[in-house]
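*Asks:* here you go, sequence then predicted model.
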Amino acid sequence: MLVSAAFIKQLQKVEPTLRELILALLEELERQREETVSRREFDDLKKAVEVLTKNVNELTISVRELTKKVNELAEAQKRTEEKVNELAEAQKRTEERVNELAEAQKRTEERVNELAEAQKRTEETVAMLVKDIKVLENRIEGVSNTVGYFLEDRAYVSLPKILKERFGVEVEGKLIRKYFILGSKEIQINIYGYGKKDNKKVLILGECKVRPSKNEINRFEKYAKKIAKKEGVEPFLLFVAYDFPPKIEEFLQQKEIPYIWSYELRLI
């Protein structure tokens, strides 16, 4: 069988199965040529084989290119699958995080409910304390009023002498407790009466307290000035108390308001 070296070289590139088929075909052609074909027929057959070889070579190239494309597609598919796996893992982590946040939200809501319940109990306790404090204030006020009335009663008896000897104020008539309407408020003045000081008429206004505060002193002074203005008489203010702390004494002295200790009053 006469085959060129170039043909044999090209034949080595063909797939084994196809190569075997071509060799078998060539052998058959050679056998037939030896038996029956003429030189001209052999040349025609040779040309046909060459065309076939060329087509086979082109087919081989196409197969290689197709294989390359398939490999590229396989690699792209692999990368796609890896990306899908990454996205699936990210989705999984996201779902886990969402579940964690949902659990945290649940715990927060439970804590808020606990705090709301605690707040409710606190408000109930505060309401009870306010009620108890109100009762206590009423009792203290009752005791304070009782003490204040007792102090007032002693003052009515003892003050005329003390006012005359110590402050040069001579009481005219009796000292009494009196109520006034100032605006929309009803004001009680513990000590009320008239007197003379340096032959000048004065309005005696006094307050009896267990222990006066600065606020009480300022409030009494404000009311007393309004009453004195209303009655058109110069006021003479004084305080009577069981206790005058040093700061209160100093405060009264600054305001030039006389003050008398309870022990200076004689018992009824």
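*Replies:* Right, received. Where do you want to start? Being a predicted model, the structure only gives us computed values, none of them experimental. Numbers count the residues shown, from 1 in each chain.

*Asks:* who's in contact with stretch 150-157?
*Replies:* With contact meaning C-beta atoms under 8 Å, 6 or more residues apart in numbering, stretch 150-157 is reached by 174-177, 190-191, 206, 208, 210, 240-242, 260, 262, 265-268. (Glycine included, C-beta is placed from N, CA and C.)

*Asks:* how about that stretch: buried residues?
*Replies:* For stretch 150-157, the buried set under the neighbour-count rule, 16 or more other C-beta atoms under 10 Å, comprises 151-152, 154-156.

*Asks:* export those residues as CSV, with columns for secondary structure, pLDDT and distance to residue 214.
*Replies:* As requested, those are exported to CSV (DSSP: H, G, I helix; E, B strand; the rest coil; pLDDT from 0 to 100; distance: C-beta to C-beta, whole Å):
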residue, secondary structure, pLDDT, distance to residue 214
151, helix, 90, 20
152, helix, 89, 22
154, helix, 90, 25
155, helix, 91, 22
156, helix, 93, 26
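
*Asks:* right, and out of the residues you listed, which lies closest to residue 165?
*Replies:* residue 155 (15.0 Å; C-beta to C-beta).

*Asks:* kindly provide the distance from the residue nearest the centre of the chain to residue 126.
*Replies:* To find the centre residue of the chain, average its C-alpha atoms and take the closest one (C-alpha atoms, centre = their mean): that gives residue 112, at 12.0 Å. Here residue 112 is placed at a distance of 20 Å from residue 126 (C-beta to C-beta, to the nearest Å).

*Asks:* tell me where the model's unsure across the stretch 1-150 of the chain.
*Replies:* Applying pLDDT under 70 to the stretch 1-150 of the chain flags residues 1-5, 11, 33-42, 45, 49, 56, 59, 63, 132-148.

*Asks:* count of residues packed around residue 66?
*Replies:* Using other C-beta atoms under 10 Å, the number of residues around residue 66 comes to 10.

*Asks:* could you pull out the helices for this structure?
*Replies:* The residue ranges that make up the helices of the chain, judged by DSSP state H, are 5-11, 16-35, 39-167, 214-231, 246-255.

*Asks:* in TSV: those helices, plus distance to residue 186.
*Replies:* TSV is the format used below for the helices of the chain (distance: least, C-beta to C-beta, whole Å):
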stretch	distance to residue 186
helix 5-11	130
helix 16-35	125
helix 39-167	15
helix 214-231	11
helix 246-255	25
